[in-house]
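[1] Kindly return the folded structure for what I paste below:
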Amino acid sequence: MASRLQVNRVALENFLSFATCDVTLGQLTFLVGRNGSGKSNFLYALRFVAESLRHSIGRALESHHGIYGALRRSPVSPQHFGIRLDCRVANATVQFAFIVALRGDDEFEVRREECRVMPDDSTGEGHHYSIREGQVSASFPNPPPVSKDRLYLLAASGIEAFRPTYDSLSRMGFYNLLPESIADAQPPDPGMVLRSDGGNLVRVISRIEDRAPWIKKRIEEYLCSVVPGLTGVGHASLGSLELLEFQQHVGSSIEPATFYADSMSDGTLRALGVLVALFQCADSSGPLLVGIEEPEDGLHPAASEILLDSLREAAQHAQVIVTSHSADLLDEPDVPAEAILAVVAEQGESRIGPLDEASRTSLSRHLFGAGELMRCDQLRIAPAVAAQGTDRFDLFEGMP
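    Below is the predicted model:
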């Protein structure tokens, strides 16, 4: 895939509950922590980047009621927040960082933004631009003008060197799937990608069936492994609306009966939504990174192995990040310590990082499973991360 994306590093400053954050991601990453620790806030940082590029910064801030809602709350009242992503995009290494600052009452501006693209075959400094206080310097001639309320990468996407980075980062998808949105009869939707709540799932399944029937078959195979007696899932029309229909054996009947989505359990609908969110990535138009909130929600513990298999298979097509409270899922032997990031909160401030040495040793020696450690509240974050402060944090270190 020409625009293949791998986000290797995420650094945050003064964003929601994070004073600072500097963490490495793998191809499949589990964010584990107590309620309110900051797992969703970390995913929202990535979602903020994608929505700012697809739409605007103002649109991305809407879910947090403007810039004041996105700024970390603390006695020092920060006046800006920053995000940095270090990535692999296609055959290049990319560094992308920006700072959004307060300007007047509830207004904001991009105070600084830098992007550097280093192709693998480059012998020089590659391609870069730098925005500071509304002024642009760039490695290419005639750079587009700066808009203080939008990320410059959007304007730079017209430059060939930066287009793959824009395309890839804007194609990240994040999901908190709602059974009621999936169950409702849905109007035709022009979007190619599943919406965050699953509200256009019928149309996405229809498109997958037309474009890549092998993907739909794989989704059905996993879903039928989760739901006893289920044989398939399809779609039907109800006037101008569309709705899901399921085929499932009942009693001793030879032929499966048809049930509409509002007759299925929330767990079944959510499982279908998770599978579609994951496997849409195998299609060329799907997201390149997928973040899912608690994919195990509503599933029987016995389905944990099936869920893990689907996550691992989907990670062959896209980078996958999930939040999880499931001890059964984390106890699966194929979840390595390196795939788990612990998230903790103290006095309202979040920290995220790799597991401490004791936790890693317990997992590597198979003394305990990650789920067992979580049940005992012994799945701990590395002490160096838990103790890190905010001094001398340079979001743009190593960038031109």
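[2] Would you confirm that H325 contacts E294?
    Yes - assessed by Cβ atoms under 8 Å, H325 is found in contact with E294 at 6.2 Å. Just so you know, the C-beta spots here come from the backbone N, C-alpha and C atoms, and that holds for glycine as well.
[3] Compare the two and say which is more crowded by neighbours.
    E294 (19 against 15; other Cβ atoms under 10 Å).
[4] Tell me the predicted confidence for that one.
    Listed pLDDT for E294 reads 95.
[5] cool, A50 as well?
    At A50, pLDDT is 96.
[6] Report the contact partners of it.
    A50 makes contact with L169, S170, R171, M172, G173, F174, according to Cβ atoms under 8 Å, 6 or more residues apart in numbering.
[7] Any chance of TSV for those residues, columns distance to M264 and secondary structure?
    Shown next, in TSV, are these (distance: Cβ to Cβ, whole Å; DSSP: H, G, I helix; E, B strand; the rest coil):
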residue	distance to M264	secondary structure
L169	35	helix
S170	33	helix
R171	30	coil
M172	29	strand
G173	24	strand
F174	24	strand
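[8] lowest-confidence helix or strand of the chain?
    helix 383-386 (a mean of 74; mean pLDDT, DSSP states H and E).
[9] helices or strands up against it?
    strand 349-354 (3 or more Cβ pairs under 8 Å, 6 or more residues apart in numbering; DSSP states H and E).
[10] which residue ranges form the helices in the stretch 251-400 of the chain?
    266-279, 304-314, 327-330, 357-364, 370-375, 383-386 (DSSP state H, counting those that start in this stretch).
[11] Just give me the lowest mean pLDDT stretch among these.
    helix 383-386 (a mean of 74).
[12] buried stuff in that one?
    V385 (16 or more other Cβ atoms under 10 Å).
[13] Could you do stretch 40-60 as well?
    40-53, 56-57, 60.
[14] Surely Y68 and D105 touch.
    No - in this structure, Y68 is not within contact of D105 by Cβ under 8 Å, at 9.6 Å.
[15] pLDDT below threshold where in this protein?
    Low-confidence regions of the chain, defined here as pLDDT under 70, cover residues 1-3, 386-392.
[16] Which SSE is immediately downstream of the longest helix along it?
    If you go by DSSP state H, the chain has its longest helix at helix 39-54. Downstream of helix 39-54, the next assigned helix or strand under DSSP states H and E is helix 57-61.
[17] gap between that next one and the chain center?
    Chain-centre distance of helix 57-61: 17 Å, with Cα atoms, centre = their mean, to the nearest Å.
[18] got a list of contacts for the least confident helix or strand of the chain?
    By Cβ under 8 Å, 6+ apart, helix 383-386 touches V344, R351, I352, G353, P354, D356.
[19] Could you do stretch 303-310 as well?
    Outside stretch 303-310, the residues that reach it (Cβ under 8 Å, 6+ apart) are 222, 225-226, 271, 274-275, 278-279, 295-296, 299, 326, 328-329, 331-332, 334-335.
[20] redo that, cut-off 10 Å
    28, 30, 218-219, 221-223, 225-227, 267, 271, 274-275, 278-279, 295-296, 299-300, 320, 322, 324, 326-335, 371 (Cβ atoms under 10 Å, 6 or more residues apart in numbering).
[21] Ok, stretch 253-266 next?
    With contacts defined as Cβ under 10 Å, 6+ apart, stretch 253-266 is touched by 178-180, 182-186, 201-202, 227, 229-236, 238, 243-251, 268-269, 271-272, 297-298.
[22] Among those, which ones are in helices?
    When DSSP H is applied, the contacts of stretch 253-266 are split such that P179, E180, I182, A183, L201, V202, T268, L269, A271, L272 fall in helices.
[23] what's the third one in contact with, if anything?
    Taking Cβ under 10 Å, 6+ apart as the definition of contact, the neighbours of I182 are 197-202, 243-244, 261-262, 264, 266, 268-270, 272-273, 276.
[24] Filter those down to the buried ones and express that as a PyMOL selection.
    Those of the contacts of I182 that count as buried under 16+ other Cβ under 10 Å are selected in PyMOL with:
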select buried, resi 197+198+199+200+201+202+243+244+261+264+268+269+270+272+273+276
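[25] Between the contacts of helix 383-386, which sits nearest P190?
    Minimum distance to P190 across the contacts of helix 383-386 is 36.3 Å, recorded for I352 (Cβ to Cβ).
[26] Against P78, how distant is the nearest residue to the closest one once chain neighbours are set aside?
    Distances taken as Cβ to Cβ, 6 or more residues apart in numbering place V343 nearest to I352, at 4.7 Å, with adjacent residues excluded. Distance of V343 to P78, given as Cβ to Cβ, to the nearest Å: 20 Å.
[27] and if you look at M374?
    Distance from M374 to P78, by Cβ to Cβ: 32 Å.
[28] spatially speaking, which residue is in the middle of this protein?
    G291 (2.6 Å; Cα atoms, centre = their mean).
[29] Test my guess that that one contacts C281.
    No - between G291 and C281 there is no contact under Cβ atoms under 10 Å: 11.8 Å.
[30] which neighbours do the two share?
    G173, Q319, V320.
[31] Just among the residues you listed, which is most surrounded?
    Among the shared contacts of G291 and C281, the one with the most neighbours (other Cβ under 10 Å) is V320, at 27 neighbours.
[32] Could you measure from that residue over to L31?
    The spacing between V320 and L31, counted by Cβ to Cβ, is 11 Å.
[33] Then A60?
    Distance from A60 to L31, by Cβ to Cβ: 20 Å.
[34] And A370, by the same measure?
    Remark: distance between A370 and L31 (Cβ to Cβ) = 12 Å.
[35] These two: which has the busier surroundings?
    A370 (27 against 23).
[36] returning to what we had before: residues shared between the contacts of H325 and E294?
    Contacts common to H325 and E294, judged by Cβ under 10 Å, 6+ apart, are K39.
[37] With respect to D149, which of the ones in helices among the contacts of stretch 253-266 is nearest?
    Among the ones in helices among the contacts of stretch 253-266, L201 lies closest to D149 (Cβ to Cβ), at 33.3 Å.
[38] Surely the closest one touches L177?
    Yes - look at L201 against L177 with Cβ under 10 Å: they come within range, at 8.5 Å.
[39] where do the contact lists of those two overlap?
    With Cβ under 10 Å, 6+ apart, L201 and L177 have common neighbours L194, R195, L269, L272, G273, V276, A277.
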